[in-house]
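Novice: Test case, fold it:
(one chain, ligands or ions: 1)
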Amino acid sequence: MNYADNNCTYTEEYEPEHIYTFTGTVINTGKEQSVTVKAPDLFKYRQGAYIQDAFPYLSPPEREFLLSGHMFINEYEEKHPIKEERTYNMPDIHDMTSDAYPSVSEVLEMIDQANCEHKDMEYQAYEPDTNVPEDYHCLDCGKQFDIPEPDEDELRGDR
Ligand SMILES: [Zn+2]
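Specialist: All right, here's what the predicted structure looks like:
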């Protein structure tokens, strides 16, 4: 906190909490900046705690201001961009379109399914209690099928 100690004025308040507010000019922007810290935390810092441990509630640029008088807010954001791009480019596997290249295991599964006659089909009704989705698949090869329409004759019961 070299800059705060030598180049800032400070005010001290006792209520509702004992705090110090350091005010000074940001060297690289020329703007006035105030940074408020709690008195017990300032004491911790004076006793040798790291500044990020003493004042975890301050932003890195605020801590930098206390130390050196500089605030590189934009530079900080550039160094720590929000990494949205990566998740955006990762498609959900269920949303993959047919033009995506299948993996080897997917190809082997497709061959299995092509050779299977799908004689043992199992229908799983939607179970809200356990959140099991409605499902219709072959017990032999595991291929998923569209949910079959209910048999209308059976529903009417007048066959
Ligand atoms: Zn099958």
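Novice: Following the chain onward from the lowest-mean-pLDDT helix or strand in the chain, which element is next?
Specialist: Every helix and strand in the chain was compared by mean pLDDT, DSSP states H and E; the lowest is helix 85-88, with a mean of 49. As assigned by DSSP states H and E, the chain's next helix or strand after helix 85-88 is helix 104-115.
Novice: can you pull out the strands in this protein?
Specialist: 9-13, 19-25, 32-38, 121-124, 135-138 (DSSP state E).
Novice: Select, out of those strands, the one closest to the ion.
Specialist: With respect to the ion, and counting by C-beta to the ion, the nearest of the strands of the chain is strand 135-138 at 3.0 Å. Glycine gets a C-beta too; all of them are placed from N, C-alpha and C.
Novice: Which positions in this protein make contact with the ion?
Specialist: Applying C-beta under 5 Å from the ion, we find that the chain lies next to the ion at 116, 118, 138, 140, 141.
Novice: Please repeat the previous calculation with a cut-off of 6 Å.
Specialist: With C-beta under 6 Å from the ion as the criterion, the chain comes near the ion at residues 113, 116, 118, 138, 140, 141, 143.
Novice: Filter these down to the buried ones.
Specialist: 138, 141, 143 (16 or more other C-beta atoms under 10 Å).
Novice: Could you list the domains of this protein?
Specialist: 2-79, 100-146 (automatic domain parsing).
Novice: where are the low-confidence patches of this structure?
Specialist: 74-100, 150-159 (pLDDT under 70).
Novice: what do you get if the cut-off is 50, keeping everything else the same?
Specialist: Applying pLDDT under 50 to the chain flags residues 84-86.
Novice: Can you lay out the strands of the chain as TSV showing distance to residue 57?
Specialist: Listed next are those as TSV, based on distance: least, C-beta to C-beta, whole Å:
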stretch	distance to residue 57
strand 9-13	16
strand 19-25	11
strand 32-38	8
strand 121-124	51
strand 135-138	49
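Novice: just to revisit the earlier point, closest to residue 49 among the buried ones among the residues of the chain next to the ion?
Specialist: Residue 49 lies nearest to residue 143 out of those, by C-beta to C-beta, at 61.8 Å.
Novice: Not counting its neighbours along the chain, what's nearest the closest one?
Specialist: Among residues not flanking residue 143 along the chain, residue 113 sits closest, at 4.1 Å (C-beta to C-beta, 6 or more residues apart in numbering).
Novice: Can you get me a residue count around residue 145?
Specialist: By other C-beta atoms under 10 Å, the residues close to residue 145 number 12.
Novice: roughly how far apart are it and residue 50?
Specialist: 61 Å (C-beta to C-beta, to the nearest Å).
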